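Trainee: Sequence first, predicted coordinates after that:
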Amino acid sequence: MASRRALKVVCGIAGASAVLVAAERFGSFGDSDAGSGSASAPSWWPVFGVLRAAQPAAPTAARQHGQHTTVALSGNGWDSNWDKRDPITLMNSKKKRDKDTPLSDDPSAELEKKKPKATRHIILIRHSQYNLKGESDKERFLTSLGREQAELTGQRLATLGLKYDFIVHSTMTRATETANIISKHFPDVEKVSCDLLREGSPIEPVPQVGHSKPEFVYHEEGARIEAAFRRYIHRADVEQKEDSYDIIVCHANVIRYFVCRALQFPPEGWLRMSLNHGSITWLYVRPSGRVGLRMLGDAGFMPPEKLTRS
């Protein structure tokens, strides 16, 4: 007991780091070194092992000399062919299909032709506030505040000064009305609807929530939302020469799932993110297939009193 009290006093005065230094010096971490001259250690001495484990690792010789080191991946790494459009894969599949076609004399030149040259920017907009008391989809129309939010979102997209290629929106009432208001700022941009973008439950969330749904709901709706992801989130076609900017107006669950899938994060974590109504989420896909997130649920262009989430 006296030893423990002494340890508390030392930690309180000098801090755990000083204790670690002293413990390391006198071989008190339980290291069995026959030449250290240390006899037996008190029974409470192994606690220093825990303290040492909490200390940052000492820099290696490579780091001290400014050399690069390889970072160990915590997951499965990056799948470069996540959208099934990797140029090498496309070349190999073509060779399998056209077995009678002679191989190119310059495979590297053929590979270069199949590499995309442009970056795709996918701007995901969550619909604005709607009538939560509506029982059917038609009754879940935008509120007056929701229409204001959509107008502010349209203004924000216009001030960015980008050349948008198209606007696609979910066929649900709240997303359709939001897209209609936004599209007034871009009268020359084509606007289309898509059933795949309707709201749903993409996958059972982890951790689970109290209002989780039956397994078949995730099975059915998840397949549809995954199909939407594959249709709209991918690298540019080879024929695309310039960077593109596409606007997708849909729902929070769809957007959150898209972000997880595109960044190759565990998709079960989609419910851990929160998006305001009318907010902007910006994904981009490089020609190499690398994906980045420029913004997530940005609504800073709205006055605080107009921000809503549910």
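Mentor: Sure, I can see it.
Trainee: CA only for contacts and neighbour counts going forward, please
Mentor: Noted.
Trainee: Got phi/psi on Tyr130?
Mentor: For Tyr130, the backbone dihedrals (degrees, to the nearest 10) come out as phi -140, psi 170.
Trainee: Which positions in the longest helix seen in the chain come out as buried?
Mentor: Secondary structure of the chain per DSSP state H: the longest helix is helix 215-232. Residues of helix 215-232 classed as buried: 217-218, 221-226, 228-230 (neighbour count, 16 or more other CA atoms under 10 Å).
Trainee: Show the subsequent helix or strand relative to that helix.
Mentor: Where DSSP states H and E defines the elements, the next helix or strand beyond helix 215-232 is strand 244-250.
Trainee: Okay, angle between that next one and helix 215-232 too, please.
Mentor: With axes from the mean of the first three to the mean of the last three CA atoms, to 10 degrees applied, the angle from strand 244-250 to helix 215-232 works out at 160 degrees.
Trainee: Tell me the confidence at the nearest residue to Gly200 once chain neighbours are set aside?
Mentor: Counting by CA to CA, 6 or more residues apart in numbering, Gly200 lies nearest to Glu221, which is 5.7 Å off, once chain neighbours are set aside. pLDDT, Glu221: 98.
Trainee: Let me see the contact set for Glu221.
Mentor: Shown in contact with Glu221 (CA atoms under 8 Å, 6 or more residues apart in numbering): 200-202.
Trainee: So it versus Glu242, what's the distance?
Mentor: Separation of Glu221 from Glu242 (CA to CA, to the nearest Å): 34 Å.
Trainee: Could you do Cys194 as well?
Mentor: Separation of Cys194 from Glu242 (CA to CA): 25 Å.
Trainee: Also Arg231?
Mentor: As judged by CA to CA, Arg231 and Glu242 stand 20 Å apart.
Trainee: now do Arg261
Mentor: 25 Å.
Trainee: shaky segments in the stretch 1-150 of the chain?
Mentor: For the stretch 1-150 of the chain, applying pLDDT under 70 flags the ranges 1-75, 92-106.
Trainee: the helices in this protein, which residues?
Mentor: With DSSP H as the criterion, the chain has helices at 2-14, 16-25, 47-53, 61-64, 87-97, 107-114, 144-159, 173-183, 215-232, 252-262.
Trainee: Can you tell me which of the buried residues of helix 215-232 is nearest Ile280?
Mentor: Phe229 (17.2 Å; CA to CA).
Trainee: The closest residue to the closest one other than its chain neighbours: neighbour count?
Mentor: Spatially, and ignoring its direct neighbours in sequence, Phe229 is nearest to Phe258 (6.2 Å; CA to CA, 6+ apart). When neighbours are counted by other CA atoms under 10 Å, Phe258 registers 24.
Trainee: Also Arg174?
Mentor: Residues near Arg174, counting by other CA under 10 Å: 28.
Trainee: got the contact list for it?
Mentor: Residues near Arg174 by CA under 8 Å, 6+ apart: 127-130, 140-142.
Trainee: Same question for Gly134.
Mentor: Contacts of Gly134 by CA under 8 Å, 6+ apart are 140-141.
Trainee: One more pass at 7 Å, please.
Mentor: Neighbour list for Gly134: Arg140 [criterion: CA atoms under 7 Å, 6 or more residues apart in numbering].
Trainee: Distance check, it against Lys213.
Mentor: 21 Å.
Trainee: and Ala252, how many residues sit next to it?
Mentor: By the measure other CA under 10 Å, the count of residues near Ala252 is 26.
Trainee: and the closest residue in space to it that isn't next to it in sequence, how many neighbours?
Mentor: Distances taken as CA to CA, 6+ apart place Arg126 nearest to Ala252, at 5.9 Å, with adjacent residues excluded. Using other CA under 10 Å, Arg126 has 29 neighbouring residues.
Trainee: go on, Lys113?
Mentor: Residues near Lys113, counting by other CA under 10 Å, number 13.
Trainee: What sits closest to it if chain neighbours are left out?
Mentor: In this structure, Lys113 finds its nearest non-sequential neighbour in Val238, 7.7 Å apart by CA to CA, 6+ apart.
Trainee: got it, and Leu142?
Mentor: The shortest distance from Leu142 to any non-neighbouring residue, by CA to CA, 6+ apart, is to Tyr130 (4.0 Å).
Trainee: Quick check: the one you found touching Phe141?
Mentor: Yes. Using CA atoms under 7 Å, Tyr130 is in contact with Phe141, at 5.3 Å.
Trainee: out of Arg261 and Glu242, which sits in the busier spot?
Mentor: Neighbour count, other CA under 10 Å: between Arg261 and Glu242, Arg261 has more, with 19 against 11.
Trainee: Quick check: the gap between the residue nearest to the more buried one when sequence neighbours are not counted and Val259.
Mentor: With CA to CA, 6+ apart as the criterion, Arg261 has its nearest non-adjacent residue at 5.9 Å, and that residue is Pro267. Distance, Pro267 to Val259, using CA to CA: 9 Å.
Trainee: Count the neighbours of Lys184 for me.
Mentor: Applying other CA under 10 Å, we find 13 residues neighbouring Lys184.
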